[in-house]
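**Q** Quick one, structure for this:
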Amino acid sequence: MKLVILFGPQAVGKMTVGQRLEAITDLKLFHNHMSIDFVSNFFDYGTPAGKRLVGLIRQEIFEEVSKSDTAGLIFTYVWAFDLQSDWEEIERVSNLFESRGASVYLVELEADLEERKKRNVTENRLSHKPTKRDVARSEQEMVRTYENHRLNSRPGEIDKPNYLRINNVGLDAEQVAAKIKKKFGL
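**A** Residues are numbered from 1 along each chain as shown. Just a heads-up that it's a prediction; the model follows:
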């Protein structure tokens, strides 16, 4: 069993890379908007009820996958490095999988804000993430988050053996997925 956590800022390409990685491995993709967009039919993600329900859905998926006989999971996440709760969430999910014998791989994607603004309006992103279809609002949220949180790690901050950081500006998702597969033998 393997857990690949693909993380980085909004519109960096996590889901698209995850889709390509899923296509070349036996891992299943659980991108973060699968739970967010489902819950948004009932509650905004920013509300206490929305956050609680997204957390419950994710936890149940993690529980079931981690004790199944599947090859593993690719999970995407926006990790705010200035929030202790995000560090704790990554640790909690990693510990759950590791406690059941899985290997955990951390893959950080980075791209500058201007590149991410371009990616924010791609057809693939908008077709798979209904809450991002209001592109003006989505871009405002991206800029606000960029101004208020640190969404990429500092050099040496992540001290894990199965860690890879990729600046994916100028790389397509197939190239990034191939790098991840090769690096970790997926």
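**Q** hmm, which helix or strand of this protein has the shakiest average pLDDT?
**A** Among the helices and strands of the chain, helix 123-128 carries the lowest confidence by mean pLDDT, DSSP states H and E, at a mean of 70.
**Q** Next secondary structure after that one?
**A** helix 135-148 (DSSP states H and E).
**Q** Quick one: name whatever helix or strand follows that next one.
**A** Following helix 135-148 toward the C-terminus (DSSP H and E): strand 163-167.
**Q** now the lengthiest strand in the chain: mean pLDDT?
**A** For the chain, the strand with the greatest residue count under DSSP state E is strand 103-110. Strand 103-110 shows a mean pLDDT of 98.
**Q** That strand vs strand 163-167, what angle?
**A** Put simply, strand 103-110 runs at 20 degrees to strand 163-167, going by axes from the mean of the first three to the mean of the last three CA atoms, to 10 degrees.
**Q** Walk me through which strands strand 103-110 pairs with, and which way each runs.
**A** strand 2-7 (parallel), strand 163-167 (parallel) (DSSP bridges).
**Q** Name the residues that touch that strand?
**A** For strand 103-110, the surrounding residues in contact (CB atoms under 8 Å, 6 or more residues apart in numbering) are 1-9, 12-14, 17, 90, 94, 97-98, 152-153, 158, 160, 162-168, 176, 180, 184, 186. The way it works is simple: take the backbone N, C-alpha and C, and place the C-beta from them, glycine included.
**Q** Over to stretch 21-30?
**A** The contact list for stretch 21-30 (CB under 8 Å, 6+ apart) reads 2, 4, 6, 15, 18-19, 58, 61, 65, 70-76, 177-178, 180-181, 186.
**Q** swap in stretch 155-173?
**A** 12-13, 16-17, 19-20, 81, 103-112, 115, 153, 176, 179-180, 183-184.
**Q** name the element the residue nearest in space to the middle of the chain belongs to?
**A** Geometric centre of the chain, nearest residue: T76, 1.6 Å, by CA atoms, centre = their mean. For T76, the host element (DSSP H and E) is strand 72-77.
**Q** And that strand, what does it pack against?
**A** Counting contacts by 3 or more CB pairs under 8 Å, 6 or more residues apart in numbering; DSSP states H and E, strand 72-77 packs against strand 2-7, helix 14-24, strand 28-30, helix 32-39, helix 48-66, helix 84-99.
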